[in-house]
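J.: Show me how the following folds:
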Amino acid sequence: MQYIGHYESPLGRILLAADAEGLTGLWFTGQKYFARGLDSERTEKENSLLQEAKRWLDIYFSGKEPDFTLPLHLSGTPFQKEVWEILCTIPYGCTTTYGEIARQLAARRGIPRMSAQAVGGAVGHNEISIIIPCHRVVGSNGNLTGYGGGIDKKIKLLELEGNDMTRFFVPAKGTAL
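T.: As a prediction, this is how the structure comes out:
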């Protein structure tokens, strides 16, 4: 059974989902893949995990790094989960590239290369936005691309964390728009 709740963030309404094991989803209303993976059997009910997730978001949106982690219950392929684990290691206020994540995965597996595009697919299917910080992944040349919540939200999240936005740009066309 999943429990759902809503959070009014400065960037728009967020849907939260959790089960007995941990947080299962965090989506901006209307984002790409909105509520994907949400059980058909769910109850809108505040529980302790959803309360903790809201507390985490309150701290985050106040411009501070939360000093605690939430239990997560990830639903995805082994490859997706491996990518999402790497996302969780990107420090607050920092960014990395799809290519760097691909290099980390290749090194872990002892293979010469890994596809940055495959990494991008896994990043894009992250169901626990912000907490699994997919917004911290950028193109190799500073291209702000690939955020399901929308490029405007990605920019605001990076700014909130104190990133130097002069290093980045929005492409004229592509997946960022």
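
J.: And the helices in this structure, which stretches?
T.: Assigned by DSSP state H, the helices in the chain fall at 48-61, 78-87, 98-109, 116-124, 151-160.

J.: any chance of the ones you listed in CSV, plus mean neighbour count and mean pLDDT?
T.: Quick note: C-beta positions are derived from backbone N, CA and C, even for glycine. Output for the helices of the chain, formatted as CSV (neighbours: other Cβ atoms under 10 Å; pLDDT from 0 to 100):
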stretch, mean neighbour count, mean pLDDT
helix 48-61, 17, 97
helix 78-87, 17, 97
helix 98-109, 17, 96
helix 116-124, 19, 95
helix 151-160, 18, 96
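
J.: Of all the ones you listed, which one is nearest Ser140?
T.: For the helices of the chain, proximity to Ser140 was assessed by Cβ to Cβ; helix 98-109 is nearest, at 5.0 Å.

J.: residue closest to the middle of the protein?
T.: The residue lying closest to the centre of the chain (Cα atoms, centre = their mean) is Ser129, at 3.1 Å.

J.: Which residue is the nearest non-sequential neighbour of that one?
T.: Closest residue to Ser129 apart from its sequence neighbours, by Cβ to Cβ, 6 or more residues apart in numbering: Leu26 at 5.1 Å.

J.: per-domain residue ranges of the protein.
T.: Taking automatic domain parsing as the criterion, the chain consists of the domains 2-61, 78-167.

J.: just checking, the residue nearest to the centre of the chain touches Gly150?
T.: No - taking contacts as Cβ atoms under 8 Å, Ser129 lies outside contact range of Gly150: 10.9 Å.

J.: anything in contact with each of those two?
T.: Common neighbours of Ser129 and Gly150, using Cβ atoms under 8 Å, 6 or more residues apart in numbering, are Phe28, Gln31.

J.: gap between the closest residue to Leu57 other than its chain neighbours and Asn143?
T.: Closest residue to Leu57 apart from its sequence neighbours, by Cβ to Cβ, 6+ apart: Tyr7 at 5.5 Å. Using Cβ to Cβ, to the nearest Å, one obtains 29 Å as the distance from Tyr7 to Asn143.
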